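In: Generate a structure from the sequence data that follows.
(one chain, ligands or ions: 1)
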Amino acid sequence: MIQTDSVFQELGFEYKTDNLYYKTIDTILQAAVYLNIPRRLELILAQPKNEIIVHFPVKMDNGQFKLFKGYRIQHNNVLGPYKGGMRFDNTVHLDHVKALAAIMTIKTALVQLPFGGAKGGVQINPKSLSRDELMRMTRRFTSALGNNIHPDFDIPAPDVGTNAQIMAWMADTYVNLDTQRRATSHSVVTGKPLAFGGSQGRDKATGQGLVYVLEEILPEKNIAFGQCRFSLVGFGNVGSWTGRLLCERGATLLAVGDHSGFIKNDQGIDAIKLTRYVEEKGGVKGFAEAESISEDEFYQTKVDLFIPAALEQMINLKKAQQLDCRILAEAANIPVTPEAEEFLLKKGVEILPAVLCNAGGVTVSYFEWKQNRQTETWDLDVVDHKLKKCMIQATHRVKQAAKKYKCNLQLAAYCAALKHIEEVYEHRGIFP
Ligand code: NAD
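Out: Numbers count the residues shown, from 1 in each chain. Sure, this is the predicted structure:
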């Protein structure tokens, strides 16, 4: 903490413990202490390289104009072009996006992808817009970003509140504005629909990556997939795919929660049927093959594996005290508050860090970018095979760092990532 304070002091801003950005940088700086990395690198990583904020008007269906605020934060690009999701959500604000951009730098470094870290978004509930309004808003946001996004410089992807359709509108807008008329300019965005340059396996990639990590971790804890009972909060892209893929391997999904409510079935919830239900109804509430339970009952459900796959900082100390699990796998980014994390670690719960668990998404995004640029299309088994290799290697890096630095897996993941970033900075030096 002392180290963190002094970095913030030198940069001239006040340390605020309740701010997600400061908390994220705090974790990076704690890992930096283990590695004893040069002070200049701590300072560089404590601030994003670029903070882009745009305001743009959009004509609504009723003929009125509405002004939107959009962000793109480019945290670090020492390893390669900036890479990270675009979020459309009411909670989007500057420090939040800065935190998520910094996490992307760590994540791409941990998997050793040739990408840096970025994040962006618009503060809006996309469900409050008609399809046409959403399309116009997405296109206008893309044009407002101009050359700040580019296939060789910064490559957005889907995140909370955005999907393949929104990525297609972003890519199409960019292609139309590309005066150089490059055949590969749609590679400016990943997570596109399959028919428009998307990759096989991108939709399930984040859940699939987590399952590959669990294949490495569960046997060490003497938990077989067939005996594994798990619960999930968040049943969107990441949660539903994780649920389906774990059930495919014989695990039992006992309880699920999302913004609409919480459900449970001691015999197991069919994740495929629940996915179809959520696609139709918008949430898990009312699913006939499970009983409705309270939020407290949900968190108290005894499971081997608990997976937060919703939003940031959802697992606070109260919820952590209710949890009855052996492993918590962070599918969402920074889902656990520092107080809750401390409590769970003391209790002996193994926390698998988000920068490892959900790195499958950006990894298959990298494969999509590569396929676009080489005008190739890879089969699903090729994508899965390459993803598995990357996830196993990243898991081993985290385990080795935990042994070497005698620290928990979260700090170990940050240490492994920072080590790689430090090495590249050593080779490149600081310009001029
Ligand atoms: P999504 O929008 O598809 O799903 C979000 C889920 O969170 C929904 O089920 C929603 O109901 C639930 N939720 C929202 N508010 C909630 C609340 N108050 N209580 C309970 N549940 C709530 O988003 P996603 O793409 O699945 O992303 C989920 C998390 O995973 C985010 O942290 C995101 O940054 C991270 N992530 C996503 C990807 C990806 O490929 N989509 C990759 C890496 C990380």
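In: From Asp270, how far out is the residue in the chain that the ligand sits nearest to?
Out: Closest contact between the chain and the ligand, by Cβ to the nearest ligand atom, is at Gly236 (1.9 Å). Heads up, the C-betas are built off the backbone N, CA and C, glycines and all. In this view, Gly236 and Asp270 are 18 Å apart by Cβ to Cβ, to the nearest Å.
In: pLDDT weak spots in the stretch 1-150 of the chain?
Out: Residues of the stretch 1-150 of the chain meeting the criterion pLDDT under 70: 1-3.
In: how about the strands in it?
Out: Using DSSP state E, counting those that start in this stretch, the strands assigned to the stretch 1-150 of the chain run over residues 50-59, 65-76, 82-89, 117-123.
In: In JSON lines, list the ones you listed along with distance to Ser240 and mean neighbour count.
Out: Output for these, formatted as JSON lines (distance: least, Cβ to Cβ, whole Å; neighbours: other Cβ atoms under 10 Å):
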{"stretch": "strand 50-59", "distance to Ser240": "30", "mean neighbour count": "15"}
{"stretch": "strand 65-76", "distance to Ser240": "27", "mean neighbour count": "20"}
{"stretch": "strand 82-89", "distance to Ser240": "17", "mean neighbour count": "27"}
{"stretch": "strand 117-123", "distance to Ser240": "21", "mean neighbour count": "28"}
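In: ok, the residue lying closest to Asn148 once chain neighbours are set aside - contacts?
Out: Among residues not flanking Asn148 along the chain, Ile52 sits closest, at 5.3 Å (Cβ to Cβ, 6 or more residues apart in numbering). Going by Cβ atoms under 8 Å, 6 or more residues apart in numbering, Ile52 touches 71-74, 120, 145, 148.
In: End to end on stretch 110-119, go ahead and measure it.
Out: 17 Å (Cα to Cα, to the nearest Å).
In: Now do the SS call for the most centrally placed residue in the chain.
Out: By Cα atoms, centre = their mean, the mean C-alpha position of the chain lies nearest to Asn333, the distance being 5.1 Å. Under DSSP: H, G, I helix; E, B strand; the rest coil, the three-state class of Asn333 is coil.
In: What backbone torsions are found at it?
Out: Main-chain torsions, Asn333, degrees, to the nearest 10: phi -80, psi 140.
In: Tell me the predicted confidence for it.
Out: At Asn333, the predicted lDDT confidence score is 95.
In: wouldn't it be in contact with Ile103 here?
Out: Yes. Between Asn333 and Ile103 there is a contact under Cβ atoms under 8 Å: 5.6 Å.
In: what sits in contact with each of those two?
Out: Counting by Cβ under 8 Å, 6+ apart, the shared contacts of Asn333 and Ile103 are Ala354.
In: The nearest residue to Gly198 once chain neighbours are set aside: what's it in contact with?
Out: Take Gly198 and drop its neighbours on the chain: the residue closest to it by Cβ to Cβ, 6+ apart is Lys192, 4.2 Å away. Lys192 makes contacts with 164, 167-168, 171, 186, 198, 368, as judged by Cβ under 8 Å, 6+ apart.
In: interface residues of the stretch 101-250 of the chain facing the ligand?
Out: Counting by Cβ under 6 Å from any ligand atom, the residues of the stretch 101-250 of the chain close to the ligand are 158-161, 206, 233-239.
In: if we can go back for a sec, let me know the closest of the contacts of Ile52 to Gln47.
Out: Distance ranking of the contacts of Ile52 against Gln47, using Cβ to Cβ, places Ile73 first at 10.3 Å.
In: Could you count how many residues lie near the closest residue to that closest one other than its chain neighbours?
Out: Using Cβ to Cβ, 6+ apart and skipping the chain neighbours, the partner closest in space to Ile73 is Ala101 (4.0 Å). Neighbour count for Ala101, taken as other Cβ atoms under 10 Å: 30.
In: do the one 5 residues further on as well
Out: Other residues lying near Ile106 total 28 when counted by other Cβ under 10 Å.
In: Following element in sequence after the longest helix anywhere in the chain, please.
Out: Longest helix in the chain, counting residues (DSSP state H): helix 380-405. Using DSSP states H and E, the next helix or strand after helix 380-405 towards the C-terminus is helix 409-428.
In: just the angle between that next one and strand 117-123, please?
Out: Taking axes from the mean of the first three to the mean of the last three Cα atoms, to 10 degrees, one finds helix 409-428 and strand 117-123 inclined to each other by 120 degrees.
In: If you count neighbours, what's buried in helix 409-428?
Out: Buried residues in helix 409-428, counted by 16 or more other Cβ atoms under 10 Å: 409-422, 425.
In: what's the closest of the contacts of Lys192 to Gln112?
Out: Closest approach between those and Gln112, by Cβ to Cβ: Glu368, at 17.7 Å.
In: right, and the strands of the stretch 1-150 of the chain - which one's nearest Asp132?
Out: Between these, strand 50-59 lies closest to Asp132; by Cβ to Cβ that is 9.6 Å.
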